[in-house]
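Engineer: structure of the sequence below:
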Amino acid sequence: IRGCRTSRATTVVLRGANEFMLDEMDRSLHDVLCVVKRVLESKSLVPGGGAVEAAVSVYLEAFAMTLGTREQLAISEFAQALLVIPKTLAVNAAKDATEMVSKLCSYHHASQTVAEKAGYKTMGLDLVEGKVVDNLAAGVVEPAMSKVKSLRFATEAAVTILRIDDWIKVNPREDPQQRGRH
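Structural biologist: Here you go, the predicted model:
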């Protein structure tokens with residue numbers, strides 16, 4: 001909201017065709033204000049549209065290839081799991097998720113391996129046009145704080161699952177006819 005005489009308080013009046021529309025507008029406005037608040041608190045932004053997830057995924061895949069133990073499999077699977085975010089974004093926008101995510105990963109691989117293409121690190125999905133674009137330049141950004149917390153929680157969940165080292169095995173039922181033959 002720009003050009004206000006006072007910055008203490010502002011009233012936003014919503015008008016809609018029915019109660020359902022008003023509820024949706026209220027929810028959307030609340031979401032927008034929360035995002036703005038988070039951006040102002042974070043003071044740093046990262047490109048959106050799956051750019052961060054794709055970059056981390058490509059990096060982890062390359063790192064996993066340097067390992068020769070079971071850890072390689074876990075890291076590789078975690079890298080693949082990160083791509084669920086851009087895939088879901090593309091599917092929800094009715095785009096070809098496989099094609100878009102593979103192009104996105106290709107850009108991020110080039111940004112991490114070819115010095116001249118380092119600028120590709122901000123590439124993300126443009127879900128309106130259905131292509132991969134520089135989301136930082138396009139203004140598609142996310143608060144860095146939210147992204148760091150999301151990645152931290154995902155990592156903690158994966159580590160927790162990997163720490164489960166006990167198996168609960170249910171013995172098969174013995175056949176009563178088999179019991180007498182021992």
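
Engineer: mind exporting the helix ranked longest in the chain as PDB, just the C-alpha atoms?
Structural biologist: The single longest helix within the chain, with elements called by DSSP state H, is helix 19-42. In PDB, the C-alpha atoms belonging to helix 19-42 read as follows (Å, rounded to 0.1, in the frame of the first residue of the first chain):
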ATOM      1  CA  GLU A  19     -19.500 -14.900   1.100                       C
ATOM      2  CA  PHE A  20     -17.300 -17.600  -0.500                       C
ATOM      3  CA  MET A  21     -15.500 -15.000  -2.700                       C
ATOM      4  CA  LEU A  22     -14.900 -12.700   0.300                       C
ATOM      5  CA  ASP A  23     -13.500 -15.600   2.300                       C
ATOM      6  CA  GLU A  24     -11.100 -16.500  -0.500                       C
ATOM      7  CA  MET A  25     -10.000 -12.800  -0.900                       C
ATOM      8  CA  ASP A  26      -9.500 -12.500   2.800                       C
ATOM      9  CA  ARG A  27      -7.400 -15.700   2.900                       C
ATOM     10  CA  SER A  28      -5.300 -14.500  -0.100                       C
ATOM     11  CA  LEU A  29      -4.800 -11.100   1.300                       C
ATOM     12  CA  HIS A  30      -3.700 -12.600   4.600                       C
ATOM     13  CA  ASP A  31      -1.200 -14.900   2.800                       C
ATOM     14  CA  VAL A  32       0.200 -12.000   0.900                       C
ATOM     15  CA  LEU A  33       0.700  -9.900   4.000                       C
ATOM     16  CA  CYS A  34       2.400 -12.800   5.800                       C
ATOM     17  CA  VAL A  35       4.800 -13.300   2.800                       C
ATOM     18  CA  VAL A  36       5.600  -9.600   2.900                       C
ATOM     19  CA  LYS A  37       6.200  -9.700   6.600                       C
ATOM     20  CA  ARG A  38       8.500 -12.800   6.200                       C
ATOM     21  CA  VAL A  39      10.500 -11.100   3.400                       C
ATOM     22  CA  LEU A  40      10.900  -8.000   5.600                       C
ATOM     23  CA  GLU A  41      12.000 -10.100   8.600                       C
ATOM     24  CA  SER A  42      14.400 -12.200   6.500                       C
END
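
Engineer: what sits up against that helix?
Structural biologist: If you take C-beta atoms under 8 Å, 6 or more residues apart in numbering as the criterion, helix 19-42 is touched by 12, 14-16, 45, 141, 143-146. Any C-beta I mention is one placed from the backbone N, CA and C, and that applies to glycine too.

Engineer: and the helix or strand that it is followed by, how far out from the chain middle?
Structural biologist: Moving toward the C-terminus from helix 19-42, the first helix or strand encountered (DSSP states H and E) is strand 45-47. Relative to its chain's centre, strand 45-47 lies at 13 Å (C-alpha atoms, centre = their mean, to the nearest Å).
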